[in-house]
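Engineer: Curious how this folds, go ahead:
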Amino acid sequence: MHKINPNILLKISKDGLRAFITLYKGDDNDSNQDNYMIDEIIKKIKEIIKVGLDEDKLRSILLNKYYNNSICIAEGILPLHGEDGYIKYYFDTDKKLVPKVLEDGTVDYRELNFVESVRKGDVLAELIPPKDGKVGYKVTGEEIPFKKGKCPRLRYGKNVRLLDNQTTLVAEKDGLVKLDDGKVLVLDLLEVDNVDKKVGNINFNGSVIVRGNVYNGFKVKADGDVEIKGIIEGAYIENTGNLMVRQGIQGYNKLTVNTKGSVTAKFIENAIVVSGRNVTAEAIMHSNISSKDRINLIGKKGLIVGGVCRAGVEISAKTIGSSMATSTVLEVRVDPEIKKKCEYLKNKINNYKENLDKIIKSLNLLDKLKRANRLDEKKEEMYIKLLKTKDKIVIELDELNEEYLKIQGEIENSSMGRIKVSDTIYPGVKITIGDSTMFIRNEMSRCTFYRDGGEIKIGPY
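Structural biologist: The predicted structure follows:
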C-alpha cells in the first residue's frame, strides 16, 4: 500500500496485476484542488505504476472526487503460455481391427486395409516444435514469466532414419509401418500361400500374411502383425502385433493364439486365445479367451457359448449361453500381473524420489561452497557428476510416473467393468466382475451387468 498524500491511498493486488486508488475527504476543504495538484498526484502514481495505468480514469476520479471507493485504475498483462509441441504422423497410428457390419447383419472381412505399407524414403513422422509464449507484466513493471511448451521426443526404431533437420523420420526400406510403444518402426513383410509341410514353421522378424490356411501342428511366430486369409486349424500363432483371421479359428482344445495385440476372427471354437488387447469375433464357442481390454461379439450371431471369457474392461455380445444351460463363464477383472507391476513401479518411483532428494541436498551444499570459492577440483568433478545424475533421474522418473498413471488408469477401468447383452443371456452363465460373482438362474434380455457397492447389479442395455 502506498500513501500518495494524506487523503489518497494506492493499493496493489497480491498478484501485482491490478492497482486500486481510494480517496478520503480530509478535515480541510479540498474543493479548490486544481489541475496542477492533480498533475502532481498523477506524476507520483506513475512513479509506482509502470504498466496498464488508465490515466484518463484516474484524472476523472480526482476531478470528481469519488470518495471512500476503492477503484481499479491499472491492470497488468497476463503471460501468454507456450504451446506444447507434438508429433505429426503420416500414417494411421491406431488401425481398428474391426470389420464392417453390413445392414443385413453380415460382416465384411474384405475391406480392412489391414497392412499399411510404405516405400523407402516415405516421410513417416514430423516433430512440430513447441510455440513460444510471451511474458506478462505486473502493474509495477515487473515481468511475469510464461510457461514454456513441452517438446516431445521423436522415438524411432528398426528401418527408420532421422533426417539431418532432427525433426523428420523417413523409411529406410519398403515394409509395414507401425507405432509400437511410442516408437515408429518399419517392419519387413513375409507372404506365403499356406503354412503346411511345404513351408514349415515360420519364425519371422517382421509381419506375416498367409494367403490360405495355417494347418494343424504348425507354428507362426512373428515380430509384427499376422494376417491369415483362411483358417487356423489346430496351429499355434505367436506375435507382437495384431492378428486377423478372416475365416476362423479351430483350436482342438489347445493354446492356439498368444499375441500382444488384438485378435479378430470370424469364429473361435475349442481354442485357447491370449490377447494383449481386444478380441473381436462373430461367435466364440467352448473356448478359453483372455483379453486385457475388451471381448466384442458382432454380427448376426454375436454369440458366446461354453468355456471361459476373461477381459480387463468389457465383454459385449448378442447372445450368451444357450437354452440348454451350457456352462459359460464370463469374467471382467484386473490381470494380477498388472497389479504386481503397479506395485513394482510405485516402489521404484519412491526409490528414485529418495535418491533425487539426496542428490539435491548434496548439490545445494556444493553450491554454497562454489559461491564461497571453496570448491576444489575433486568436489568440482563430483558437482558435475551429480548434475548429470540428477538430469538422468528426472527424465527416468517422468517416464516411470507416466507408465504408473497409465497402469492406474487400467486398474480403475476394470473396477468399472461391464458385461453387455444386446439380446439374451441364459441360465448356466457365471458372471464375475472384480471380486463379485453372480450366477444367472433366469433367462434375461437386453441388460448390462456392472459392479456397484461390492456386488453385481443389472441395468438396462
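Engineer: looking only at pLDDT, what's the mean for stretch 430-440?
Structural biologist: Average pLDDT, stretch 430-440: 91.
Engineer: Tell me how far it lies from the chain's centre.
Structural biologist: 30 Å (Cα atoms, centre = their mean, to the nearest Å).
Engineer: Could you list the residues in contact with it?
Structural biologist: 321, 327-334, 414-415, 417-419, 425-429, 449-451, 454-456 (Cβ atoms under 8 Å, 6 or more residues apart in numbering). For the C-beta atoms, the positions are set from N, CA and C on the backbone; glycine is no exception.
Engineer: What subset of those residues is buried?
Structural biologist: Those of the contacts of stretch 430-440 that meet the buried threshold are 321, 328-334, 414, 417-419, 425-429, 449-451, 456, by 16 or more other Cβ atoms under 10 Å.
Engineer: can you tell me which of the residues you listed are in strands?
Structural biologist: 328-332, 418-419, 425, 429, 449-451, 456 (DSSP state E).
Engineer: what's the closest of those residues to G133?
Structural biologist: Of all these, G133 sits closest to R418, with 42.6 Å by Cβ to Cβ.
Engineer: can you pull the contacts of that closest one?
Structural biologist: V313, E314, I315, S316, V332, I433, T448, F449, Y450.
Engineer: go on, D54?
Structural biologist: Residues counted as contacts of D54 (Cβ under 8 Å, 6+ apart) are I73, A74.
Engineer: Make residue 1 into 70 and carry on from there
Structural biologist: Got it, first residue is 70 now, which makes that one D123.
Engineer: hmm, back to that, for K247, state which of the ones in strands among the buried ones among the contacts of stretch 499-509 is nearest.
Structural biologist: Nearest to K247 among those: V401, at 28.3 Å, using Cβ to Cβ.
Engineer: how much space is there between the closest one and I341?
Structural biologist: Using Cβ to Cβ, to the nearest Å, we find V401 at a distance of 19 Å from I341.
Engineer: Likewise for E524?
Structural biologist: 31 Å.
Engineer: Find the residue at the geometric middle of the protein.
Structural biologist: When Cα atoms, centre = their mean is applied to the chain, the residue found nearest the centroid is K475 (6.8 Å).
Engineer: quick one: which helix or strand includes L131?
Structural biologist: Applying DSSP states H and E as the criterion places L131 in helix 124-133.
Engineer: buried residues in that helix?
Structural biologist: For helix 124-133, a neighbour-count test (16+ other Cβ under 10 Å) marks L127, R128, I130, L131 as buried.
Engineer: same deal with stretch 270-282?
Structural biologist: Buried residues in stretch 270-282, counted by 16+ other Cβ under 10 Å: I271, F273, G275, S276, V277, I278, V279, N282.
Engineer: Now render these as CSV, adding secondary structure.
Structural biologist: Output for these, formatted as CSV (DSSP: H, G, I helix; E, B strand; the rest coil):
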residue, secondary structure
I271, strand
F273, strand
G275, strand
S276, strand
V277, strand
I278, strand
V279, strand
N282, coil
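Engineer: Looking at the residues you listed, which is nearest M106?
Structural biologist: S276 (85.1 Å).
Engineer: Show me where the stretch 420-530 of the chain dips below the pLDDT cut-off.
Structural biologist: Under the criterion pLDDT under 70, the flagged ranges of the stretch 420-530 of the chain are 479-484.
Engineer: Revised request: answer the last question for the chain.
Structural biologist: 96-105, 164-167, 178-184, 404-405, 479-484.
Engineer: residue contacts, the closest residue to R224 other than its chain neighbours?
Structural biologist: Among residues not flanking R224 along the chain, K252 sits closest, at 4.6 Å (Cβ to Cβ, 6 or more residues apart in numbering). Going by Cβ under 8 Å, 6+ apart, K252 touches R224, Y225, G226.
Engineer: For PyMOL, what selects the buried ones among those?
Structural biologist: Buried residues within those, by 16+ other Cβ under 10 Å, are selected in PyMOL with:
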select buried, resi 224+225
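Engineer: quick one: stretch 359-373 to chain centroid distance?
Structural biologist: 24 Å.
Engineer: list the buried ones in it?
Structural biologist: Neighbour counts over stretch 359-373 (16+ other Cβ under 10 Å) mark 359-368, 370-373 as buried.
Engineer: Dump that stretch to CSV, keeping only the CA atoms.
Structural biologist: The C-alpha coordinates for stretch 359-373 follow below in CSV (Å, rounded to 0.1, in the frame of the first residue of the first chain):
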residue,chain,number,x,y,z
SER,A,359,-8.1,-63.9,-22.2
SER,A,360,-8.2,-60.3,-23.3
LYS,A,361,-6.5,-57.4,-21.4
ASP,A,362,-9.1,-55.0,-22.8
ARG,A,363,-12.4,-56.0,-24.5
ILE,A,364,-14.1,-59.0,-25.9
ASN,A,365,-16.6,-57.9,-28.5
LEU,A,366,-19.1,-60.3,-30.3
ILE,A,367,-20.5,-58.8,-33.5
GLY,A,368,-22.8,-59.7,-36.5
LYS,A,369,-26.0,-61.7,-36.7
LYS,A,370,-24.8,-64.3,-34.2
GLY,A,371,-22.8,-62.3,-31.7
LEU,A,372,-22.6,-65.5,-29.6
ILE,A,373,-20.6,-66.7,-26.6
